[in-house]
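>>> Predicted coordinates and the sequence they were generated for:
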Protein chains: 2
Amino acid sequence: MKPTIRDIARLTGVSKSTVSRVLNNSTNVDPATRERVQRVMAEQGFVPDRMAMQLARGEKRFIGMLLPTLTWSFMADILQGVASIVEMSGREIILYTTTPFKDFSHVVDRVIATNLISGMLASFHTQSPQHLISLQQRGLPLVIINMPAARLSVPWVSVDNRAGGMLATQHLLKLGHKRIAFLFPATDLPCFHDRYEGYCLALREAGLEPDPALVLYDDGSVSKCLQEMRAMSEKPTAIFSSHDHLAYSILAIVERFGWRVPDDLAIVGFDDMIPPFPAQPALTTVRQPFYEIGQCAAEMLLSMLDPRYAPSRNWWELSVSPALDQSATPHHDEQTWPSLHIQLPVTLSVRDSCGASHSTLNQPAG
Amino acid sequence: MKPTIRDIARLTGVSKSTVSRVLNNSTNVDPATRERVQRVMAEQGFVPDRMAMQLARGEKRFIGMLLPTLTWSFMADILQGVASIVEMSGREIILYTTTPFKDFSHVVDRVIATNLISGMLASFHTQSPQHLISLQQRGLPLVIINMPAARLSVPWVSVDNRAGGMLATQHLLKLGHKRIAFLFPATDLPCFHDRYEGYCLALREAGLEPDPALVLYDDGSVSKCLQEMRAMSEKPTAIFSSHDHLAYSILAIVERFGWRVPDDLAIVGFDDMIPPFPAQPALTTVRQPFYEIGQCAAEMLLSMLDPRYAPSRNWWELSVSPALDQSATPHHDEQTWPSLHIQLPVTLSVRDSCGASHSTLNQPAG
DNA sequence: CTGAAAGCGCTTACAG
DNA sequence: CTGAAAGCGCTTACAG
């Protein structure tokens, strides 16, 4: 039988109250008593019962984490970031999953029925988050990570996709490229449009009007899409891929064309995911700080759960919510939570596929 | 304030005991009473407090899941499999993570200190599981998923790697290949040796002695490794890659050699992971049933936690523990747990990279 | 079929 | 600084 505070109390010759006090590092304990209790606890291998503690205190120390249907490789980094924060707060992560065939109502039902978690972190792809939002409406704090299906009145954290789009495009412009293509993926998500917007902005900033002919759409076959590009009279000299996965496809396909990267075609991606295998040439890409994204989301949630929570960084200065009053301390006012959107900055990882390494340009990034 | 059984009892005009009975579907309740209680519960939106239930019953309903350091893409499938089982058992998954820089002692400490879980599922790569095993020694049921660092006295589930190695090799032999290379990856794990063993077995079965010159080792550069192969006087006509990731590298590198797959070189992989991008040609590979692996591991653990648990499948017939008595019901005897090893069967996914599609051979698999 | 009471392992005012 | 008592929200013999 595992010892309880009652056992420790009896063995030490004090009351349960006192044992409880040393357990909670209460100051009102005689140092000598404290030490005696601690010795007995160590001897007995005493571990307090978390459940009983939480029940007595009327608190919940679990937060839910909903994994997306298909786990991208960078999910690992996000999870590590989330875990690093949650761990330090003395809470635990309860895992929820969905399948592509069920919607989130399934998860919502479970969360409500078990009534274990005090907040929820959700990361997902294409599915509509409506069901999740109903959780928030029931009073469960919710933070959404990366890629919402639409602009929502739910706190969420992502990367500054537009700035990333600009960064990539500006870099290619600086390398001398004038005809830069943009490739949209098959799945239509707002983040890709933001990246495209950044691309357009950078072009206009450089005095170039975006050419609709250079905007490519993957309709299921990247190969076909690039073949059309290849058939163009005025071919692009560079291509900005809306994400890395797609960029690696481009790399492989274009090589089959007999083109050399970056000489015949420069390529820049978005994500900075670990390549499926040592790609040649190494991909220049916009780096998403996935670990930090996870940390930020976790700290947002913890702040919502406990106003006294002190985040490791002032994420709120990265907020882009229009409703937010800059001078106030928004995170202490519950009313401002629902519309909070934090965008982390991105950086450019310059490698070989853009041609910067053998161009006259020496500056690493924008 | 959320209503408690006390509130429900008062509003219905019964005792807490009775409310508790309808909550637990006890038979000793008057149907009319039951209905009245249920109506009040619905009206009040009553949800029982899981923590209190567990405390009162003296049970734990959490199982720990330790994610590997680097999350492979198929981790998602394993997780789905685990979750599908755990969900149905009315338990929850608590997530634990490690970083490449810390060993498992960190997780072990946390598990002990929080004392929340009743069992642990661990999936990992190369790290030594010694610290985890100390959890088992402390009485915490532990099941290890896929790829242990060594043969262990811990229940674990994997795939039949040797049979997979045979399957792949037999297929290539049937297609007429005589010189089949085997490529070892940079990370040295027992499963790769098992696959190699299967490769050797299949060759010998066909009357061929494995040629050491055809056993390739990736010492950090697959490319260099394949260049050596290319320089061989008697080149292999087929290559069996110890895992898919590596196979996709081979595909890319060999294409750069100007070789066509499968005509100049047939390739077979192992894993059946979702390709990094639509690979051409599609990879023939040994399929690991990751979802089932997750389910099996979860059901093993649940059986250890509760002897009355009825698994959805008789996984135990796939056991390969030498200590196991075939005629007995081993899963009800605690003593047999520690050495239990279950190997799920694999299948061959025949696609284009092996050449079966344009060979005279019509049979899909072995 | 139902209720009063004790209990799960802890916390927390309240007295002293 | 310490203890007795009531309580967190539930369960479970024990009587009736």
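It's in. Numbering: from 1, shown residues only, chains lettered A, B, ... in the order given.
>>> And the helices in the stretch 101-250 of chain A, which stretches?
With DSSP state H, counting those that start in this stretch as the criterion, the stretch 101-250 of chain A has helices at A:105-114, A:130-137, A:161-174, A:190-205, A:222-230, A:244-256.
>>> packing partners for the longest one?
Packed against helix A:190-205, as judged by 3 or more CB pairs under 8 Å, 6 or more residues apart in numbering or on different chains; DSSP states H and E, are the following elements: helix A:161-174, strand A:180-184. (Glycine included, C-beta is placed from N, CA and C.)
>>> Please apply the same query to the first one.
Under the contact criterion of 3+ CB pairs under 8 Å, 6+ apart, the helices and strands touching helix A:105-114 comprise strand A:92-96, helix A:130-137.
>>> if we go to 10 Å?
Helix A:105-114 makes packing contacts with strand A:62-66, strand A:92-96, strand A:119-123, helix A:130-137, helix B:75-88 when contacts are defined by 3 or more CB pairs under 10 Å, 6 or more residues apart in numbering or on different chains; DSSP states H and E.
>>> re earlier: ranking the helices of the stretch 101-250 of chain A by burial, who's on top?
The densest packing among these, expressed as mean neighbour count by mean count of other CB atoms under 10 Å in any protein chain shown, is seen in helix A:161-174 with a mean of 24.
>>> State the mean pLDDT of that helix.
Averaged across helix A:161-174, pLDDT comes to 97.
>>> what do you get for stretch A:183-191?
In this model, stretch A:183-191 carries a mean pLDDT of 89.
>>> Check stretch A:270-286 too.
Averaged across stretch A:270-286, the pLDDT comes to 85.
>>> can I get the CA coordinates of it in PDB?
Once side chains and other backbone atoms are set aside, the C-alpha atoms of stretch A:270-286 remain, and they are given as PDB (Å, rounded to 0.1, in the frame of the first residue of the first chain):
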ATOM      1  CA  PHE A 270       8.200  28.000 -46.800                       C
ATOM      2  CA  ASP A 271       8.300  26.100 -43.500                       C
ATOM      3  CA  ASP A 272      11.900  24.900 -43.100                       C
ATOM      4  CA  MET A 273      10.900  21.400 -42.400                       C
ATOM      5  CA  ILE A 274      13.400  18.700 -42.100                       C
ATOM      6  CA  PRO A 275      13.800  17.500 -45.700                       C
ATOM      7  CA  PRO A 276      12.500  14.000 -46.600                       C
ATOM      8  CA  PHE A 277      16.100  13.200 -47.400                       C
ATOM      9  CA  PRO A 278      19.300  15.200 -48.000                       C
ATOM     10  CA  ALA A 279      18.000  17.200 -50.900                       C
ATOM     11  CA  GLN A 280      20.300  18.600 -53.500                       C
ATOM     12  CA  PRO A 281      20.600  21.500 -53.600                       C
ATOM     13  CA  ALA A 282      19.600  22.400 -50.100                       C
ATOM     14  CA  LEU A 283      16.400  24.400 -50.000                       C
ATOM     15  CA  THR A 284      16.400  28.100 -49.300                       C
ATOM     16  CA  THR A 285      13.200  28.600 -47.300                       C
ATOM     17  CA  VAL A 286      11.200  30.700 -44.900                       C
END
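>>> what's the distance between it and the middle of its chain?
On the basis of CA atoms, centre = their mean, to the nearest Å, the separation between the geometric centre of stretch A:270-286 and that of its chain is 19 Å.
>>> that older thread, what's the closest of the helices of the stretch 101-250 of chain A to A:Leu301?
helix A:130-137 (11.6 Å; CB to CB).
>>> rewinding a little: the helices and strands packed on helix A:105-114: lowest mean pLDDT?
helix A:130-137 (a mean of 85).
>>> Is any residue of that one near chain B?
No - using CB under 10 Å from any CB of the partner chain, helix A:130-137 stays clear of chain B, coming no nearer than 13.3 Å.
>>> and that helix, what does it pack onto?
For helix A:130-137, the packing partners by 3+ CB pairs under 10 Å, 6+ apart are strand A:62-66, helix A:105-114, strand A:119-123, strand A:142-145.
>>> what does that helix rub up against?
A:64, A:66, A:98, A:103-109, A:111-112, A:117, A:119-120, A:122, A:124, A:129, A:140-144, A:148-150, A:152-155, A:337-338 (CB atoms under 10 Å, 6 or more residues apart in numbering or on different chains).
>>> how far does it sit from the chain's center?
Its chain's average C-alpha position is 19 Å from that of helix A:130-137, according to CA atoms, centre = their mean.
>>> Return it as CSV; C-alpha atoms alone will do.
As requested, C-alpha coordinates have been extracted for helix A:130-137 and formatted as CSV (Å, rounded to 0.1, in the frame of the first residue of the first chain):
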residue,chain,number,x,y,z
GLN,A,130,-16.8,25.1,-35.5
HIS,A,131,-17.3,22.3,-33.1
LEU,A,132,-14.2,23.3,-31.2
ILE,A,133,-15.5,26.8,-30.9
SER,A,134,-18.5,25.5,-29.2
LEU,A,135,-16.2,24.4,-26.5
GLN,A,136,-15.1,27.9,-26.0
GLN,A,137,-18.7,29.0,-25.9
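>>> Measure how the one helix or strand A:Gly269 maps to sits relative to strand A:180-184, angle-wise.
Using DSSP states H and E, the secondary-structure element containing A:Gly269 is strand A:266-271. Computed with axes from the mean of the first three to the mean of the last three CA atoms, to 10 degrees, the direction of strand A:266-271 lies at 40 degrees from that of strand A:180-184.
>>> In contact with the residue nearest the centre of chain A, which residues?
Nearest to the mean C-alpha position of chain A, by CA atoms, centre = their mean, lies A:Ile293 at 3.7 Å. Under the criterion of CB under 10 Å, 6+ apart, the contact partners of A:Ile293 comprise A:74, A:77-78, A:81-82, A:123, A:145-146, A:157-159, A:342, A:344.
>>> so where is the stretch 251-366 of chain A shaky, pLDDT-wise?
Segments of the stretch 251-366 of chain A classed as low confidence (criterion: pLDDT under 70) are A:276-278, A:321-339, A:358-366.
>>> burial count for A:Lys178?
For A:Lys178, the count of nearby residues is 13 (other CB atoms under 10 Å in any protein chain shown).
>>> Now do the contacts for the closest residue to it other than its chain neighbours.
When the adjacent residues along the chain are set aside, A:Lys178 lies closest to A:Leu208, with 6.8 Å between them (CB to CB, 6 or more residues apart in numbering or on different chains). By CB under 10 Å, 6+ apart, the contact list for A:Leu208 reads A:169, A:173, A:178-180, A:200, A:202.
>>> In JSON lines: the residues you listed, plus distance to B:Arg351.
As requested, the contacts of A:Leu208 are arranged in JSON lines below (distance: CB to CB, whole Å):
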{"residue": "A:Thr169", "distance to B:Arg351": "38"}
{"residue": "A:Leu173", "distance to B:Arg351": "42"}
{"residue": "A:Lys178", "distance to B:Arg351": "41"}
{"residue": "A:Arg179", "distance to B:Arg351": "37"}
{"residue": "A:Ile180", "distance to B:Arg351": "36"}
{"residue": "A:Cys200", "distance to B:Arg351": "40"}
{"residue": "A:Ala202", "distance to B:Arg351": "41"}
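>>> I'd assumed the residue nearest to the centre of chain A was in a strand, is it?
No - under the criterion used here (DSSP: H, G, I helix; E, B strand; the rest coil), A:Ile293 is helix, not part of a strand.
>>> Contact partners for A:Arg39?
When contacts are counted by CB under 10 Å, 6+ apart, A:Arg39 is found next to A:11-12.
>>> Which strand or helix spans it?
When secondary structure is defined by DSSP H and E, A:Arg39 falls within helix A:31-44.
>>> hmm, that helix touching DNA strand D?
Yes - between helix A:31-44 and DNA strand D, judged by CB under 7 Å from any atom of the strand, the touching residues are A:31-34.
>>> what residues does chain A put near DNA strand D?
A:13-18, A:21, A:27-34, A:52, A:55-56, A:58.
>>> Which ones, among the residues you listed, also lie beside DNA strand C?
The residues of those that also fall near DNA strand C, by CB under 7 Å from any atom of the strand, are A:16-17, A:21, A:52, A:55-56.
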